[in-house]
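Participant: Generate a structure from the sequence data that follows.
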Amino acid sequence: MISIIIPIYNQAKTIIKTLESINKQSYQEYEVIIINDGSKDNVEAVFTNYYKKLNTNNHYLFINQTNQGAPAARNRGFQEAHGEYLFFCDADASLQPEALKTLLAYLELNPGVSYTYSSFRWGRKLFKLTNFDPEKLQKMPYIHTMSLIKRADFPVNGWDESIKKLQDWDLWLTMLEKGKIGLWVPQVLFTVTPGGTISSWLPAFAYKLLPFLPSVKKYKRAMQIIKEKHGLQER
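Facilitator: Here you go, the predicted model:
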């Protein structure tokens, strides 16, 4: 079974689309755990109204907590999870119907792999990812949070709740240090609605030509924090 863990903060406008895409999955052996991280947009009522009309045999759990950040919300969801596999899903993402089935198939066919990840779209922009490369991963973040992870290979301490940005990069580096690697599925399996955490995305040239931009400064500082934690300062 796959445990789908969804941290949510003020995303009542997008969560239904996300849940509908989950309900339409060709693979139906899953549970859904939603962690409301102190939202102020009445998201619990939105979910409740949707769930009342939902025709499903799958288990859904909605948990409220004070605002602690996405890593803490994901860890709370992990504590409640029962699945052999973990899928941390963003509350502003929409999955292709074959997404879970495809990620799981690649994972089961490659026993030496700890997680599978795919390309995706952010609005109309395509983020076409590449094959897993440890050296590249140590230099830059390129694997999205929405990957299918073997529970047995997930870090004992979960997500680092002190990391505020590039949390997925930190997770993959933590797993890499334990010899846990990923596998790229060469398909576009989900779309993210612009306006969430990735909404600060800038084209590559901006990081070189526009270093004075606040978003560029924050990004570079976040990268430095991760590099210092994992001893990658010289890379």
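
Participant: Leu95 and Tyr50, how far apart?
Facilitator: Distance of Leu95 to Tyr50, computed by CB to CB, to the nearest Å: 16 Å. Any C-beta I mention is one placed from the backbone N, CA and C, and that applies to glycine too.

Participant: which one of those two has more residues nearby?
Facilitator: More neighbours surround Leu95 than the other of Leu95 and Tyr50, with 23 against 15 (other CB atoms under 10 Å).

Participant: That one contacts Asn23, correct?
Facilitator: No - at 10.0 Å, Leu95 does not count as touching Asn23 under the criterion of CB atoms under 8 Å.

Participant: Strands of the protein, start to end?
Facilitator: Counting by DSSP state E, one finds strands in the chain at the ranges 2-8, 30-37, 60-65, 85-88, 93-95, 115-122, 125-127, 148-150, 182-192.

Participant: Quick one, which of the ones you listed gets closest to Pro134.
Facilitator: Closest approach to Pro134 among these (CB to CB): strand 182-192, 9.6 Å.

Participant: domain ranges for the protein?
Facilitator: Split into domains by automatic domain parsing, the chain comes to 2-193, 202-235.

Participant: possible to save these as JSON lines with mean pLDDT?
Facilitator: Putting the domains of the chain into JSON lines (pLDDT from 0 to 100) gives the following:
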{"stretch": "domain 2-193", "mean pLDDT": "96"}
{"stretch": "domain 202-235", "mean pLDDT": "67"}
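
Participant: Spatially central residue in this protein, please.
Facilitator: The centre of the chain sits closest to Thr145, judged by CA atoms, centre = their mean, with a distance of 2.6 Å.

Participant: Pull the contacting residues for the residue nearest to that residue when sequence neighbours are not counted.
Facilitator: Nearest non-adjacent residue to Thr145, counting by CB to CB, 6 or more residues apart in numbering: Asp168, 4.1 Å away. Asp168 is in contact with 141, 143-145, counting by CB atoms under 8 Å, 6 or more residues apart in numbering.

Participant: How about Leu19?
Facilitator: Listed by CB under 8 Å, 6+ apart, the contact partners of Leu19 are 32, 47, 50, 54.

Participant: Pretty sure the first one sits against Tyr60.
Facilitator: I take that to be Val32. Yes - Val32 lies in contact with Tyr60 (CB under 8 Å); the separation is 4.8 Å.

Participant: In the sheet, which residues pair with Trp122? Tell me.
Facilitator: Lys125, Val192 (DSSP bridges).
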